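S.K.: please work out how this folds:
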Amino acid sequence: MFKMTVVDVFAIRNRGVVATGRVESGTLRVGDTVHINGGPGLTVSAIEKFRKKQDEATVGENVGVLIKGIERTDMNRGDVLTSSSSSSSSSTVTYGEAPPI
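M.R.: Below you'll find the model as predicted:
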């Protein structure tokens, strides 16, 4: 599962909104769906690293993620971008009942 905490947000006219930050876990590819703080899904239009377009972002990289269809005010510093992968069931924790005391 991809996770990135937003450090800064920029609006680019006629392109969309760019969220910058360091990838904390997982891998993100152009075309993947991301969620801002668990909200509705949005499609990643582009990924850039040091002003160079990338096809994917991996753990530890500082990147900018371009998202179309939102306004600059829809995302703020500290928001968390996540995407669920097809193997998300392996990272889901299920808690049973607590033993009697």
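S.K.: dig out what the most centrally placed residue in the chain forms beta bridges with.
M.R.: Centroid-nearest residue in the chain: residue 81, 3.0 Å away (criterion: C-alpha atoms, centre = their mean). Beta bridges link residue 81 to residue 4, residue 36, judged by DSSP bridges.
S.K.: quick one, helices of this protein?
M.R.: Counting by DSSP state H, the chain forms no helices at all.
S.K.: hang on, residue 78 packs against residue 6?
M.R.: Yes. Here residue 78 reaches residue 6: they are 6.5 Å apart, a contact under C-beta atoms under 8 Å. Backbone N, C-alpha and C define where each C-beta goes, glycine included.
S.K.: which one's more surrounded, the two?
M.R.: residue 6 (19 against 10; other C-beta atoms under 10 Å).
S.K.: that one and residue 79 touch, don't they?
M.R.: Yes. Using C-beta under 8 Å, residue 6 is in contact with residue 79, at 4.6 Å.
S.K.: on that earlier part again, what's the per-residue pLDDT of the residue nearest to the centre of the chain here?
M.R.: pLDDT, residue 81: 94.
S.K.: same check on the one 5 residues further on?
M.R.: Confidence per residue is given as pLDDT, and for residue 86 that number is 37.
S.K.: over to residue 64?
M.R.: At residue 64, the model reports a pLDDT of 96.
S.K.: for the chain, which segments count as strands?
M.R.: 2-5, 8-12, 16-25, 28-29, 33-36, 41-49, 52-54, 56-57, 62-67, 80-83 (DSSP state E).
S.K.: what's the local residue count around the closest residue to residue 22 other than its chain neighbours?
M.R.: With C-beta to C-beta, 6 or more residues apart in numbering as the criterion, residue 22 has its nearest non-adjacent residue at 5.1 Å, and that residue is residue 62. When neighbours are counted by other C-beta under 10 Å, residue 62 registers 13.
S.K.: might you report the residue contacts of residue 62?
M.R.: With contacts taken as C-beta atoms under 8 Å, 6 or more residues apart in numbering, residue 62 has the following neighbours: 20-22, 49-50.
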